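Enquirer: Provided below are the primary sequence and the corresponding predicted coordinates.
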Amino acid sequence: MDDTRDPKKVLFLCTGNSCRSQMAEALVNFYLPDRWMAVSAGIAPAGYVHPLALQVLAELGVEHHGTSKWVEQFIGQKFDRVITLCTGAEYNCPVWLGEGIKEHIGFADPAQFPGTEAEKLAEFRLVRDDMLDRIVEYLRVR
């Protein structure tokens with residue numbers, strides 16, 4: 001592999017851009033910085049990054065200072081891949097994002113998980129760990 005190439009660009013897209021897409025962005029930028037440059041956005045951004053998403057990232061030493069962003073901020077930018085993480089984003093993915101390969105890798109929304117704070121934290125950890133397997137390892141070989 002030629003390590004002098006610029007990293008490929010990936011956009012992670014979900015509805016609120018507060019949990020799943022934020023975690024995916026942070027994990028890819030942390031684990032694959034020489035291969036991928038990740039950003040994330042939402043089709044209806046929540047306006048904040050969920051504190052439990054930040055907490056489970058920090059548990060792995062992943063520092064993330066992302067903000068909840070509108071997908072429209074990325075009009076005109078080219079991406080090698082656009083990966084939707086929820087069915088809402090999959091079906092509402094803007095046509096103009098068609099420059100790169102569009103894919104869907106779905107995850108449950110950990111913010112919607114009912115339960116105690118400890119149970120919610122456990123759900124965020126499950127989604128984070130699933131992302132390590134299904135996104136980071138997937139992109140590592142692309």
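Expert: Done, it's in.
Enquirer: Look up how far residue 73 lies from residue 101.
Expert: As judged by CB to CB, to the nearest Å, residue 101 and residue 73 stand 21 Å apart. Every C-beta, even on glycine, is put in place using the N, C-alpha and C of the backbone.
Enquirer: Okay, strands next: where are they in the protein?
Expert: 8-14, 36-42, 81-84, 101-104 (DSSP state E).
Enquirer: Mean pLDDT and distance to residue 118 added to those strands, as CSV?
Expert: Below are the strands of the chain laid out as CSV (pLDDT from 0 to 100; distance: least, CB to CB, whole Å):
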stretch, mean pLDDT, distance to residue 118
strand 8-14, 96, 24
strand 36-42, 97, 27
strand 81-84, 94, 30
strand 101-104, 91, 31
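Enquirer: now for the ones you listed, which one comes closest to residue 121?
Expert: Residue 121 lies closest to strand 8-14 among the strands of the chain, at 19.7 Å (CB to CB).
Enquirer: Could you name the stretch from the strands of the chain that's closest to residue 137?
Expert: strand 36-42 (12.3 Å).
Enquirer: how far off strand 8-14 does that closest one point, in degrees?
Expert: Orientation check (axes from the mean of the first three to the mean of the last three CA atoms, to 10 degrees): strand 36-42 against strand 8-14 gives 20 degrees.
Enquirer: Of all the residues in strand 36-42, which ones are buried?
Expert: Across strand 36-42, burial judged by 16 or more other CB atoms under 10 Å covers 36-42.
Enquirer: Show me how far it is from its chain's centre.
Expert: 6 Å (CA atoms, centre = their mean, to the nearest Å).
Enquirer: Let's see it as PDB, backbone CA atoms only.
Expert: Extracted in PDB, the C-alpha atoms of strand 36-42 (Å, rounded to 0.1, in the frame of the first residue of the first chain):
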ATOM      1  CA  TRP A  36      -9.700   7.900   6.300                       C
ATOM      2  CA  MET A  37     -10.800  11.400   7.200                       C
ATOM      3  CA  ALA A  38     -14.300  11.100   8.700                       C
ATOM      4  CA  VAL A  39     -17.000  13.700   9.200                       C
ATOM      5  CA  SER A  40     -20.600  13.300  10.300                       C
ATOM      6  CA  ALA A  41     -23.900  15.100   9.800                       C
ATOM      7  CA  GLY A  42     -27.600  14.700  10.400                       C
END
